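**Student:** Quick one, fold the following:
(chains A and B)
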Amino acid sequence: GAVVSQHPSRVICKSGTSVKIECRSLDFQATTMFWYRQFPKQSLMLMATSNEGSKATYEQGVEKDKFLINHASLTLSTLTVTSAHPEDSSFYICSARVSSDSTQYFGPGTRLTVL
Amino acid sequence: QKEVEQNSGPLSVPEGAIASLNCTYSDRGSQSFFWYRQYSGKSPELIMSIYSNGDKEDGRFTAQLNKASQYVSLLIRDSQPSDSATYLCAVGSYNFNKFYFGSGTKLNVKP
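**Tutor:** Now for the predicted structure:
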């Protein structure tokens, strides 16, 4: 149980394009989903917290107009990196939890490379 | 600023030994504590959660929590080369809304 998927697992795009990453909870309903970014040899950095049906809460320093988050259902959240630039290249990981449990279950991650 | 501190390592132990990983946190109001394992290039996977003071055992893993000292640890018995990874300590905020992660401890288990 508690399986979270992400799609795509890897994406390469040109600078200036937008990229959408999907995060799905496969066997449970996720009231809250989280989006993290991880640069090489660094720890996870929380970007934003999203609750189903509500606007996402962004961490300080994360541009909400650049990283668009939609949490339209209890099993799906999307992160769109708009007008991607090479410095946005990173490992993006989502996690999900149910309201009755504080445990976060992580997706497999999406490696984004912006050329 | 809520901080979670871990020794970055690397921590090297021989196969079959006990590996001891430590984590301290600054927020006394923290309610939940987690250990995740992250292999290079992969996302974190949950090893254990602990909520109450004391020890919690699961197979070769034992988590220890001391809220008075704001300290949580993970013991890995009979360490195997496959345990070689980075271990992340995560501390949940009082309202369970988000985690604060340590920077991780890299563990090397030598055959």
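**Student:** which bits of chain A sit near chain B?
**Tutor:** A:32, A:34, A:42-44, A:46, A:49, A:91, A:93, A:97, A:102-109 (CB under 8 Å from any CB of the partner chain). Any C-beta I mention is one placed from the backbone N, CA and C, and that applies to glycine too.
**Student:** got the contact list for residue A:103?
**Tutor:** Residue A:103 sits next to A:2, A:97, B:32, B:34, B:46, B:49 when contact means CB atoms under 8 Å, 6 or more residues apart in numbering or on different chains.
**Student:** Quick check: bridge partners of the closest residue in space to the fourth one that isn't next to it in sequence?
**Tutor:** Going back to what we said before, that points to residue B:34. For residue B:34, ignoring the flanking residues on the chain, the nearest one in space by CB to CB, 6 or more residues apart in numbering or on different chains is residue B:90 at 4.2 Å. With beta bridges defined as DSSP bridges, residue B:90 has these partners: residue B:34, residue B:101.
**Student:** Is it correct that residue B:90 is in contact with residue B:37?
**Tutor:** No: assessed by CB atoms under 8 Å, residue B:90 is found out of contact with residue B:37, at 11.6 Å.
**Student:** who's more crowded, the two?
**Tutor:** residue B:90 (25 against 21; other CB atoms under 10 Å in any protein chain shown).
**Student:** quick one: pLDDT of that one?
**Tutor:** Predicted confidence (pLDDT) for residue B:90: 94.
**Student:** any idea how far it is from residue B:16?
**Tutor:** Here residue B:90 is placed at a distance of 28 Å from residue B:16 (CB to CB, to the nearest Å).
**Student:** Same list (the contacts of residue A:103) but as JSON lines, adding pLDDT.
**Tutor:** Listed next are the contacts of residue A:103 as JSON lines, based on pLDDT from 0 to 100:
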{"residue": "A:2", "pLDDT": "87"}
{"residue": "A:97", "pLDDT": "89"}
{"residue": "B:32", "pLDDT": "92"}
{"residue": "B:34", "pLDDT": "96"}
{"residue": "B:46", "pLDDT": "94"}
{"residue": "B:49", "pLDDT": "94"}
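**Student:** dump the residue contacts of residue A:17.
**Tutor:** Residues near residue A:17 by CB under 8 Å, 6+ apart: A:83-84.
**Student:** let me fix that: residue B:18
**Tutor:** Neighbouring residues of residue B:18 by CB under 8 Å, 6+ apart: B:75-79.
**Student:** Could you rerun that using 7 Å?
**Tutor:** Counting by CB atoms under 7 Å, 6 or more residues apart in numbering or on different chains, residue B:18 touches B:75-77, B:79.
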